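Novice: Model the following, please.
(chains A and B)
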Number of protein chains: 2
Amino acid sequence: MIGETLSEYRHLSVALLGSGSVGSQVARLLLEEQQELASRVGAKLELIGIAVRDTAAKRDVELPQELYTTDAAELIKKADIVVELMGGIEPAKSLILEALEQGADVITANKALIAAHGPELHAAARRVGAQLSYEAAVAGAIPILRPLQESLAGDNVKRVMGIVNGSTNYILDRMDRFGDTPEAAMQVASDLGYLEADPTLDVEGYDAASKAGILARIAFHTDLPEGAVYREGITAITADDVATAKAANQVIKLLAVVEQATGADGAAGVSARVTPVLISREHPLAAVHGGKNAIFVEAEAAGELMFYGAGAGGVETASAVLGDLVSAARRHVAGGPGLTTPSYADLRVLPISEAETAYQIILNAVDQPGVLAAIARVFADNQVSVAAIHQSLPEELSGLAKLVITTAEAREEALQTTVAELRALDVVSEIVSILRVLHA
Amino acid sequence: MIGETLSEYRHLSVALLGSGSVGSQVARLLLEEQQELASRVGAKLELIGIAVRDTAAKRDVELPQELYTTDAAELIKKADIVVELMGGIEPAKSLILEALEQGADVITANKALIAAHGPELHAAARRVGAQLSYEAAVAGAIPILRPLQESLAGDNVKRVMGIVNGSTNYILDRMDRFGDTPEAAMQVASDLGYLEADPTLDVEGYDAASKAGILARIAFHTDLPEGAVYREGITAITADDVATAKAANQVIKLLAVVEQATGADGAAGVSARVTPVLISREHPLAAVHGGKNAIFVEAEAAGELMFYGAGAGGVETASAVLGDLVSAARRHVAGGPGLTTPSYADLRVLPISEAETAYQIILNAVDQPGVLAAIARVFADNQVSVAAIHQSLPEELSGLAKLVITTAEAREEALQTTVAELRALDVVSEIVSILRVLHA
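Specialist: Numbers count the residues shown, from 1 in each chain, chains lettered A, B, ... in the order given. Sure, this is the predicted structure:
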């Protein structure tokens, strides 16, 4: 089936840092698929070692013991390609910089590191013409960074919206489908091992925010400073919010949204945020269930695209790592410098106050003539257009009216002022919820 | 926003062959986005001419008149990159071979040409180290070939299933959603300009078969001889078939399926076919409506992935062409030979008789004791496992029973023998329909 034997190929040395759920699968696949990978690359990928903390630790995937070493710094010296899957900022960052400076290509799935120190790492790669790639850092197995970088390289990407955290999608999906309380859904997610040891990273949106920063860089050629992604998690979402959405044929998803936007100064900028968003059930993102991930891309020429699949899992993520590995290896065989992603655009990152989106506000108000007009005036005064108002008189509110108000796209700042003024109105008894809405 | 002016960049000459709905959009974007593209490539992409049949023809997109020429052969002599969007086999094929022999990279959206003469064109590109790419040939704007070739390069793709013909999806979707007859749905599709001048290419599955052949080559590193893709169109699908599927929470889609399969000889092979397939409404492919396209990929490590978007349209397809163009241009800047897709695996393409899939057979039979046993014996005799039988006694059949039989995966040959033997049974009055079923 394959013409050449492995000994006829040139060898490329691969050093692996870390042997957790992803790393061990990468090592296994490298060893098992050696012949197939050689056919695809035109070179043999030789795993020269795996740096771990404890070479004697018990592991799920059995690999040749002689591959393990605790000396990562020594290991990378002999590598053409370094695969960093240890996670965390240090020593991962220093080891990657060291590898790049030696001219090795580097592949990583370390979203926190890339989000926080991407510019420095990219600069190091560019200096020596090495390739730094991290497809696995965003949405696991789903090819999204390469399509943005290459397939859409001739297009103008307007917006990228992603369900990029499987744990929170699992929790929200359970609340939607089975009517779970947040606590119950979270307990199931935890029992299934879907949550990080520190669940704050998931449920407060930190993990999604790292991925949003990476997506913004690739889509808009702009480096985002650390902390530039506005972040709200799912902890404020109640069973009531989910039930109300369901009754209105909507669903609540935690979305990472990065988009081209015009700032208050009229200049082009980038808005990047992670927040819960109300989505119509008709939208393809609404059908992303359980722990799955999906990225929705809007580009000027291509229109709407969606990429869907597994956002986590050891062997799934290993697939993305190996894709980057084969790409880097082919580059070694072909020659020429590594593909870089220039951040030439350098757009201003808008603060959340300047972000524009549609909102849904649910409030309870006194049911008497003139109330609707008073409420409408608050919106008008703040230049927030109202797209729809639905009024009902639920029995349990004993005489109060429930208003569901959907706005057109408005700046966050104007919306916040509007809400503050609504709250101050005598006729408004309670602001029940404020949620962003995906504008179709 | 961008540091360098265009004059500081090196120039790369781009020749465009054809100025139809895709070509004119490619030309427009090349001219309008010159500065942006230069920033991304590190070189200026200079459109040196557009070869057309008639330079005086009236066109929808206005472009500088001096770009037009009727002398394609002369035009490509000066090109670093040739973009072929004229369609058809000749003169497209000769011009592409000529361009490759001169060392130019070639980008095309010509699915019929690639499906029929891919091996010859690839060999020509490989000889000189040029790059031949055709992302736009399959599923328009959706990035699918590059993800298969690069993102999944370290994985083992098991199966690719695609809704890759928007016209037939539109027709089937109308039949499903509005209860249209095939004729009515086809008339609407035709009125909207969704069908080719010769609708046979769409409705008989020729267009989808070309794309299936390309997908098989990229996914399985195997060249498919012309005509190797088994093909059934949608012309045999009745309003009844669609209504019956709908009642059973299923939908009928025209699917291009290419998969690794074991032949009757026990050796590894590839099955490639285009047929209508019954799909559960729960499957992501069932939610692909209207003229949209989607490709579902099953890979050993990555699991299930889906790529969704616009499969046709001038500006949408132009996005894919420009992605290939930027990739080729970056390669020129970086140096090194073009990326090729070796077809080293050279798997046997199985005839349809050896393909394995699940089936649903609907038949009317006499309602008397022993009939079910007789029918079940025919399946058993042919080694076709029955997964489910649903029997009903519809009034309109006046005494006959309607049986809906779903099989486990079975070889086509065994299924055909089974159906022939069922037809010969005295107790079977009619075989109402036979449809392949997507096995979850």
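Novice: Any idea what residue A:252 is bridged to?
Specialist: Note on residue A:252: beta-bridge partners residue A:278, judged by DSSP bridges.
Novice: What is the burial count for it?
Specialist: Number of residues near residue A:252 (other Cβ atoms under 10 Å in any protein chain shown) recorded here: 23. (Each C-beta comes from the backbone N, C-alpha and C, glycine too.)
Novice: quick one, what contacts residue A:202?
Specialist: By Cβ atoms under 8 Å, 6 or more residues apart in numbering or on different chains, the contact set of residue A:202 is A:165, A:167-168, A:195-196, A:233.
Novice: again, only using 7 Å
Specialist: A:165, A:167-168, A:195-196 (Cβ atoms under 7 Å, 6 or more residues apart in numbering or on different chains).
Novice: Can you pull the phi and psi angles for it?
Specialist: Per-residue torsions, residue A:202: phi -80, psi -60 (degrees, to the nearest 10).
Novice: Roughly how far does it sit from residue A:212?
Specialist: Using Cβ to Cβ, to the nearest Å, residue A:202 is found at 14 Å from residue A:212.
Novice: Dump the contacts of residue A:202 to JSON lines, plus distance to residue B:358.
Specialist: Supplementary listing: the contacts of residue A:202 in JSON lines, determined by distance: Cβ to Cβ, whole Å:
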{"residue": "A:165", "distance to residue B:358": "35"}
{"residue": "A:167", "distance to residue B:358": "34"}
{"residue": "A:168", "distance to residue B:358": "36"}
{"residue": "A:195", "distance to residue B:358": "37"}
{"residue": "A:196", "distance to residue B:358": "40"}
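Novice: mind giving me TSV with those and columns for pLDDT?
Specialist: Formatted as TSV, the contacts of residue A:202 follow (pLDDT from 0 to 100):
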residue	pLDDT
A:165	97
A:167	96
A:168	97
A:195	88
A:196	81
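Novice: Let me have those residues in JSON lines, extended by distance to chain B and neighbour count.
Specialist: Shown next, in JSON lines, are the contacts of residue A:202 (distance: Cβ to the nearest Cβ, whole Å; neighbours: other Cβ atoms under 10 Å in any protein chain shown):
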{"residue": "A:165", "distance to chain B": "18", "neighbour count": "32"}
{"residue": "A:167", "distance to chain B": "17", "neighbour count": "26"}
{"residue": "A:168", "distance to chain B": "20", "neighbour count": "31"}
{"residue": "A:195", "distance to chain B": "20", "neighbour count": "20"}
{"residue": "A:196", "distance to chain B": "21", "neighbour count": "15"}
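Novice: Tell me which of those residues fall in helices.
Specialist: A:167-168 (DSSP state H).
Novice: so where's chain A uncertain?
Specialist: A:1-7, A:440 (pLDDT under 70).
Novice: for the residue sitting furthest away from the middle of it, helix, strand, or coil?
Specialist: What lies farthest from the middle of chain A is residue A:369; by Cα atoms, centre = their mean that is 46.8 Å. Following DSSP: H, G, I helix; E, B strand; the rest coil, residue A:369 is assigned to coil.
Novice: Tell me which helix or strand the residue in the stretch 201-350 of chain A that chain B sits nearest to sits in.
Specialist: Going by Cβ to the nearest Cβ, chain B is nearest to residue A:322 of the stretch 201-350 of chain A, at 2.3 Å. When elements are assigned from DSSP states H and E, residue A:322 belongs to helix A:314-334.
Novice: can you give me the helices for the stretch 51-200 of chain A?
Specialist: A:72-77, A:92-101, A:111-128, A:145-146, A:166-178, A:182-191, A:200-203 (DSSP state H, counting those that start in this stretch).
Novice: Of all these, which one is nearest residue B:14?
Specialist: helix A:145-146 (23.0 Å; Cβ to Cβ).
Novice: any idea how far the residue farthest from the centre of chain A lies from residue A:421?
Specialist: Residue A:369 sits at a distance of 20 Å from residue A:421 (criterion: Cβ to Cβ).
Novice: For the most centrally placed residue in chain A, give me its contacts.
Specialist: Nearest to the geometric centre of chain A sits residue A:211, at 3.4 Å (Cα atoms, centre = their mean). Neighbour list for residue A:211: A:111, A:138, A:162, A:164, A:256 [criterion: Cβ under 7 Å, 6+ apart].
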